[in-house]
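Novice: predicted structure and sequence below. I'll ask about it afterward.
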Amino acid sequence: MKKRICLIHTGGTIGMIRSDKGYLPKEGYLETALLEISDLRNEKMPDFDLFEMSPLLDSSDMAVGDWNRIGEEIASRYDLYDGFVVLHGTDTMAYTASALSFMLEGLNKPVILTGSQIPLCEVRSDGRDNLITSLLIASEGKYNEVCLYFGGRLLRGNRATKMSADGLLAFDSPNCPRLAEAGISIRYLPVQKPPKTSESFSLCHLEDVPIGVLKVFPGIRFPIFEKLMTERLKGIVLETFGAGNIPGEGDALLPIIQRAFQAGSVITVCSQCPQGTVSLGTYKTSSPLKNAGAVSGFDMTTEACVAKLYYLFSKHYSKEEIKSLMEENLRGELTK
């Protein structure tokens, strides 16, 4: 019996059309475009139903409410399909993949995000292979988690990050092995599966809590950000140098972190390096961060850190619980 896949179109380059203002999404276009791809009707392909969200979004417009809508569409159809493929724009695809990995609790079916750098309306579109292969992977059910497929690579969703603005190999997961590689055949790789969360599936809606990302740079003046960090933000992702280092001027940051922590904020330290892990205390310039109340993001991507903070605050855990859970591997998002 053929597997049945739900194809959810959220917008993005893959389903855009040309206009005098540049590429833009058009409702109803994708259904017509899919009819022109004869391979989708090959007997080896799974059956699939297309659901188009409205309005269609350029992924740069994605927000927390849109993640909830995508999650609701998956949850409402969860028992009807063997897997899901979500068509999404590339700019924030890794953020959405990370968010869904936390929101879809007890997930036991594949959810594959994909898209393209070139629209289907163009001759050289990479969208055809990305779509066809994603549908096949979703139907085979080798990895029942949120994944991202692009350019021949199947990646863990909360480990993926966009590496190129215009290359067809747009995504990679520098701190996690690829789940599969698609060449002449689809070769699934032996990657450790994420921890099992629960026996039954459920959706956790995310609340739009104030979360920010602060990138450390040479010469940064931390006091400029003090009011924002201590009065407005519940979660802060601090992108530091190397393994968690801050400039020598960082002495100004430590009391700010302490005041933010006392005000209920959780500050997670990530590295600006795509590959490697934060190790607070390895260098003198990083150990004070831990003492001030910051937590280590280890080798999490910024996208995963942001999504995880949204998730944990939405679960209404205490500040101390959130600090502890940020350093725990919940969905395969980090390596300790």
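Specialist: Yes, it's here. Residues are numbered from 1 along each chain as shown.

Novice: which residues of the stretch 101-250 of the chain fall in helices?
Specialist: Using DSSP state H, counting those that start in this stretch, the helices of the stretch 101-250 of the chain run over 127-140, 226-231.

Novice: how about the strands in the stretch 201-336 of the chain?
Specialist: Ranges of strands in the stretch 201-336 of the chain, per DSSP state E, counting those that start in this stretch, are 202-203, 211-215, 235-240, 266-271, 295-296.

Novice: pLDDT of the fourth one, averaged?
Specialist: Read it as strand 266-271. Strand 266-271 shows a mean pLDDT of 94.

Novice: what of the third one?
Specialist: The predicted model gives strand 235-240 an average pLDDT of 94.

Novice: now that strand, how far from the chain's geometric center?
Specialist: On the basis of CA atoms, centre = their mean, to the nearest Å, strand 235-240 sits 17 Å off its chain's mean C-alpha point.

Novice: how about residues contacting it?
Specialist: 209-216, 229, 246, 260, 265-272, 278, 286, 289, 294, 297, 302, 305-306, 309-310, 313 (CB atoms under 8 Å, 6 or more residues apart in numbering). Where you see a C-beta, it was placed from the backbone N, CA and C, and this is true even at glycine.

Novice: if we can go back for a sec, which of the strands of the stretch 201-336 of the chain sits most buried?
Specialist: Of all these, strand 266-271 carries the top mean neighbour count, a mean of 26, counting by mean count of other CB atoms under 10 Å.

Novice: helices or strands next to it in the packing?
Specialist: The contact analysis (3 or more CB pairs under 8 Å, 6 or more residues apart in numbering; DSSP states H and E) places strand 266-271 against strand 235-240, helix 253-262, strand 295-296, helix 302-314, helix 319-326.

Novice: so which of those is nearest R77?
Specialist: For R77, the closest of the helices and strands packed on strand 266-271 is helix 302-314, at 21.7 Å, according to CB to CB.

Novice: with just CA atoms, put that closest one into PDB.
Specialist: Provided in PDB are the C-alpha atoms of helix 302-314 (Å, rounded to 0.1, in the frame of the first residue of the first chain):
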ATOM      1  CA  THR A 302      21.600  30.300  17.100                       C
ATOM      2  CA  GLU A 303      18.400  29.200  15.400                       C
ATOM      3  CA  ALA A 304      18.000  26.300  17.800                       C
ATOM      4  CA  CYS A 305      18.800  28.400  20.800                       C
ATOM      5  CA  VAL A 306      16.200  31.000  19.900                       C
ATOM      6  CA  ALA A 307      13.500  28.300  19.200                       C
ATOM      7  CA  LYS A 308      14.400  26.400  22.400                       C
ATOM      8  CA  LEU A 309      14.000  29.500  24.500                       C
ATOM      9  CA  TYR A 310      10.600  30.200  23.000                       C
ATOM     10  CA  TYR A 311       9.600  26.600  23.700                       C
ATOM     11  CA  LEU A 312      10.800  26.500  27.300                       C
ATOM     12  CA  PHE A 313       9.200  29.800  28.200                       C
ATOM     13  CA  SER A 314       6.000  28.700  26.600                       C
END
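
Novice: hmm, back to that, mean pLDDT lowest for which of the helices of the stretch 101-250 of the chain?
Specialist: helix 226-231 (a mean of 89).

Novice: name the residues of it that are buried.
Specialist: For helix 226-231, burial by neighbour count (16 or more other CB atoms under 10 Å) applies to E226, M229, T230.

Novice: how about stretch 76-84?
Specialist: So, applying 16+ other CB under 10 Å, buried residues of stretch 76-84: Y78, Y81, D82, G83, F84.

Novice: ditto for stretch 304-318
Specialist: Those buried within stretch 304-318 under the rule 16+ other CB under 10 Å are A304, C305, V306, A307, K308, L309, Y310, Y311, L312, F313, S314.
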